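**Student:** attaching a predicted model along with its sequence, questions to come.
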Amino acid sequence: MSDQERIELRPGDPDAEARMRALSSPLRLRILRLCAFESRTNKELAGLLGVNPGTMLHHVRTLLNTGYLAAEPDRAGAQGAREVPYRATGLSWRTSMPGGSYILVETFLQQIESVRDEDLDTTWLGLKLNDEHREELQNRLMLLVNEFKERGPDPDGDTYSLFTAFHPDDNPPGPAQPPQSSAQPPQSSAQPPQSSGQASGPEEPAG
């Protein structure tokens, strides 16, 4: 993702603040996830997320008015009623805002509440990196994620979620150790015993 494509939301701009409010709800982020690959109606979303349809409509309209959801042509629902399906626009992937990371963490925790332990693949790793290697890791991770994002969905695929978190560790170095002495150990002044000049053989057994 290039810098031109990235949208940085800053306080003070009314449009940006409206978008920040729209993305400040884990529920609304989960709506966007459900509408990423399928068009869904307000009634469908309410059922999937266990929310009252009236409450869901408020969240849907908030996302619609800020460009994160788009309405598709009406379709017939139950008993012939006309329903409006909604689809995520992908704008949220390009949007960055202050404080957004903690909202994503809360969204992740809500998402995995119903996931079985054997279906949750997690990794937790401690690293010690200088600035160059830290930037290299972050760039390579983003390039890999963007590569799969840009491929588009597989027609025969299943849906998955990927969540990453990279942060400084509260793991300070220990106290400095005193330098090791390079002095050699003192040599003993005792002289080795003098040989008698006679070779010694095996001890004779006592008779």
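**Tutor:** Looks like it came in fine.

**Student:** okay, CA-based contacts and neighbour counts for the rest of this
**Tutor:** OK.

**Student:** average model confidence for stretch 66-78?
**Tutor:** Mean pLDDT, stretch 66-78: 90.

**Student:** need the CA coordinates for the strand or helix carrying residue 133. CSV is fine.
**Tutor:** In the assignment (DSSP states H and E), residue 133 maps to helix 131-151. What follows is helix 131-151, C-alpha atoms only, in CSV (Å, rounded to 0.1, in the frame of the first residue of the first chain):
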residue,chain,number,x,y,z
ASP,A,131,16.1,0.3,14.2
GLU,A,132,17.1,-1.1,10.8
HIS,A,133,16.0,-4.6,11.5
ARG,A,134,12.8,-3.5,13.2
GLU,A,135,11.8,-1.5,10.1
GLU,A,136,12.8,-4.4,7.9
LEU,A,137,10.5,-6.8,9.8
GLN,A,138,7.6,-4.3,9.7
ASN,A,139,7.9,-3.6,6.0
ARG,A,140,8.2,-7.3,5.1
LEU,A,141,5.2,-8.2,7.1
MET,A,142,3.1,-5.5,5.5
LEU,A,143,4.3,-6.5,2.0
LEU,A,144,3.3,-10.1,2.6
VAL,A,145,-0.1,-9.1,4.0
ASN,A,146,-0.7,-6.7,1.1
GLU,A,147,0.3,-9.4,-1.4
PHE,A,148,-2.5,-11.7,-0.2
LYS,A,149,-5.0,-8.8,0.1
GLU,A,150,-4.4,-7.7,-3.5
ARG,A,151,-4.9,-11.3,-4.8
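
**Student:** tally of neighbours for the nearest residue to residue 92 once chain neighbours are set aside?
**Tutor:** With sequence-adjacent residues excluded and distances taken as Cα to Cα, 6 or more residues apart in numbering, residue 92 is closest to residue 68, at 6.4 Å. The number of residues packed near residue 68 is 23, by other Cα atoms under 10 Å.

**Student:** you'd agree residue 68 is up against residue 94?
**Tutor:** No: look at residue 68 against residue 94 with Cα atoms under 8 Å: they stay out of range, at 10.7 Å.

**Student:** residue 79: what secondary structure?
**Tutor:** Following DSSP: H, G, I helix; E, B strand; the rest coil, we place residue 79 in the helix state.

**Student:** count of residues packed around it?
**Tutor:** The tally of other residues near residue 79 (other Cα under 10 Å) stands at 6.

**Student:** before we move on, what about residue 19?
**Tutor:** Other residues close to residue 19 by other Cα under 10 Å number 22.

**Student:** which pLDDT value goes with it?
**Tutor:** Here, the pLDDT recorded for residue 19 equals 92.

**Student:** kindly report the same for the one 10 residues further on.
**Tutor:** Confidence at residue 29, expressed as pLDDT, is 97.

**Student:** contacting residues for it?
**Tutor:** For residue 29, the contact set (Cα atoms under 8 Å, 6 or more residues apart in numbering) comprises 23, 107.

**Student:** let's number from 15 now, not from 1
**Tutor:** OK, 15 is where the count begins now, so the last one is residue 43.

**Student:** what about it, which SS state?
**Tutor:** Going by three-state DSSP: residue 43 is helix.

**Student:** distance of it from residue 99?
**Tutor:** Relative to residue 99, residue 43 is positioned 17 Å away (Cα to Cα, to the nearest Å).
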